[in-house]
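Asks: structure for this input, please:
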Amino acid sequence: MRYISTRGGIAPISFKDAVMMGLATDGGLLLPESIPTIDPATLDSWKALPYRELAYRVMSLFADDMPAEDLKQLIDRSYDTFAHPEITPVVHKDGAWILELFHGPTLAFKDVALQFLGNLFEYLLKERGQKMNIVGATSGDTGSAAIHGVRGKDGINIFILHPHGRTSPIQALQMTTVTDPNVHNIAVEGTFDDCQNMVKALFNDLAFKEKYSLGAVNSINWARVLAQVVYYFYSFFRVAEETGATEAVFSVPTGNFGDIFAGYVARRMGLPIKRLILATNENNILTRFINEGDYSTGTVVSTVSPSMDIQLASNFERYVYYLFNEDASRLREAFAGLAKTGRIDFTEAEMARVREEFASDSIDQFGTLKTIADFHHETGYLLDPHTAVGVGAALETVKDGTPVICLATAHPAKFPDAVRQATGVEPPQPPSLHGIDKLPTRCLVMEASLEKVKEFIEEKAR
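Replies: Down below sits the predicted model:
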């Protein structure tokens with residue numbers, strides 16, 4: 001399997017090289033030259049596989065330059081850190097299937113990919129005798145999951161930028177209480193988009209990237225998308241086993257298009273996904289795109305679901321590449337236009353294709369809190385505010401009886417203020433959060449200045 005850039009400016013590279021490159025050197029995002037198709041007989045043979053074995057079957061199709069035993073060991077080591085034996089269990093509540101993705105060390109779906117990516121980085125660096133300085137931006141969960149994925153690992157430094165005061169208190173503590181020498185937290189006085197734009201600028205500065213051996217953990221890294229593809233297969237098989245269904249709908253709360261793009265890949269591979277519901281909060285550029293054909297940037301609004309408070313979705317480029325029939329030159333023009341005008345235009349035929357694959361709904365703050373309250377009243381189950389956006393969109397969109405699988409992207413204890421406001425109930429606190437507010441913290445507050453971030457990396461880099 002070889003990997004290419006959405007912008008067409010690199011020669012095909014291996015999986016290992018794609019992981020290490022992160023963002024393509026031409027500024028594009030890496031994708032496999034072709035997405036393998038799984039025939040029905042193979043799908044049938046995968047149905048009863050435990051999570052780890054299924055993960056190996058899926059990942060090995062895309063990572064064929066890794067010895068089988070090495071890949072299996074990386075998968076085992078990554079998911080040994082999860083508190084549930086199924087890794088990503090599915091529970092049935094009030095007509096919806098909740099895919100619980102929050103049983104990892106930081107109680108968020110990002111752990112599924114970042115525990116794997118941290119171990120994969122360590123493996124590849126040791127193999128190559130290299131060191132790496134990871135740089136990432138987070139709206140909340142990616143940062144802590146990435147930090148916990150690489151803390152204390154040989155040959156790795158990590159620099160995480162997060163918007164100061166715009167994550168939940170728990171999210172901030174899960175990052176800043178990790179004081180290992182190789183972990184560096186930067187609280188940027190700005191928005192997540194400011195953080196993400198600076199990270200992209202660092203990677204586009206090829207001389208700086210090469211000099212300081214920068215590596216990416218954001219969802220621009222293909223290995224993260226790949227790890228997330230697995231739980232679409234796993235959850236579908238569990239629901240099909242319970243219901244006898246031959247297809248399902250997935251509802252995905254998203255701001256960066258990474259998690260739902262993994263579902264799109266699973267669908268292209270042959271998983272019978274009838275529709276992907278893209279659920280947004282008030283920061284609804286992706287909903288406007290799907291429902292109105294309007295992909296134009298606006299102002300970031302702070303909400304009770306802060307991990308989705310994003311305007312420019314960094315993984316959207318991967319989908320647009322396929323929507324443009326893998327035409328890299330047209331994609332380059334479109335994203336150059338986006339940088340200048342803040343919008344991309346699509347044809348009516350393209351939007352018709354989009355709506356065959358996706359539906360979308362935007363759930364505002366009132367609707368989010370109401371969904372948490374109503375769902376708890378009816379089922380006794382507590383949703384975090386991001387999952388509630390996905391459940392709310394699913395309940396509004398799916399009316400035909402098709403099983404709907406809602407991705408539960410975080411544990412409710414990560415957002416106790418919103419849960420308490422909606423229900424009056426204090427969410428139970430998992431052991432990993434006990435006493436976290438009493439731990440020492442380390443974090444540098446910094447203005448949104450690319451030059452200052454560069455200076456800090458130069459000072460601390462390995």
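Asks: next, the buried residues of the longest helix seen in the chain.
Replies: Assignment by DSSP state H gives helix 222-243 as the longest helix of the chain. Neighbour counts using 16 or more other C-beta atoms under 10 Å place 222-240 of helix 222-243 among the buried residues. In short, each C-beta sits where N, CA and C put it, glycine included.
Asks: end-to-end on stretch 158-175?
Replies: 11 Å (C-alpha to C-alpha, to the nearest Å).
Asks: that one: how far from the chain's middle?
Replies: Relative to its parent chain, stretch 158-175 has a centroid offset of 16 Å by C-alpha atoms, centre = their mean, to the nearest Å.
Asks: buried stuff in it?
Replies: 158-164, 166-168, 170-175.
Asks: note down every partner strand of the following helix or strand past the longest helix of the chain and its orientation.
Replies: Where DSSP states H and E defines the elements, the next helix or strand beyond helix 222-243 is strand 248-253. Strand 248-253 pairs in its sheet with strand 273-280 (parallel), strand 404-408 (parallel), by DSSP bridges.
Asks: which residues are in contact with the first one?
Replies: Okay, so that is strand 273-280. Identification of contacts with strand 273-280 by C-beta atoms under 8 Å, 6 or more residues apart in numbering yields 232, 236, 247-255, 257, 260, 263-264, 266-267, 286-287, 290, 308, 357-363, 389-390, 392-394, 397-398, 402, 404.
Asks: quick one: least confident helix or strand in this protein?
Replies: strand 214-216 (a mean of 87; mean pLDDT, DSSP states H and E).
Asks: and it, what does it pack onto?
Replies: strand 132-137, helix 192-204 (3 or more C-beta pairs under 8 Å, 6 or more residues apart in numbering; DSSP states H and E).
Asks: starting at the chain centroid, how far to that strand?
Replies: With C-alpha atoms, centre = their mean, you get 16 Å for strand 214-216.
Asks: so what touches it?
Replies: Outside strand 214-216, the residues that touch it by C-beta under 8 Å, 6+ apart are 20, 22-23, 121, 132-136, 156, 199, 202-203, 208.
Asks: one more time with 7 Å
Replies: Residues outside strand 214-216 that contact it (C-beta atoms under 7 Å, 6 or more residues apart in numbering) are 20, 22-23, 121, 132-136, 202-203.
Asks: repeat that for stretch 128-140.
Replies: Residues contacting stretch 128-140 (C-beta under 7 Å, 6+ apart): 121, 125, 142-143, 146, 150, 155-162, 167-168, 171, 192, 195-196, 199, 202, 212-218, 255, 306-307, 309-310, 457, 461-462.
Asks: and the end-to-end length of it?
Replies: Stretch 128-140 has an end-to-end distance of 32 Å (criterion: C-alpha to C-alpha).
Asks: got it, and stretch 72-86?
Replies: 16 Å.
Asks: what residues sit buried inside that stretch?
Replies: Buried residues in stretch 72-86 (16+ other C-beta under 10 Å): 72, 74-75, 78-79, 81-82.
Asks: from those, which is closest to K438?
Replies: T81 (22.9 Å; C-beta to C-beta).
Asks: then the closest one would be within a helix, right?
Replies: No - T81: not assigned to a helix; according to DSSP: H, G, I helix; E, B strand; the rest coil it is coil.
Asks: please report phi then psi for it.
Replies: Backbone geometry at T81, expressed as degrees, to the nearest 10, gives phi -80, psi 0.
Asks: just the buried ones from the contacts of stretch 128-140?
Replies: 121, 125, 142-143, 146, 150, 155-162, 167-168, 171, 192, 195-196, 199, 202, 212-218, 255, 306-307, 309-310, 457, 461.
Asks: so which of the residues you listed belong to strands?
Replies: Among the buried ones among the contacts of stretch 128-140, the ones falling in strands (DSSP state E) are 156-162, 214-216.
Asks: for D94, give me its contacts.
Replies: By C-beta under 7 Å, 6+ apart, the residues touching D94 are 375, 378-379.
Asks: swap in 6 Å and give it another go.
Replies: Shown in contact with D94 (C-beta atoms under 6 Å, 6 or more residues apart in numbering): 378-379.
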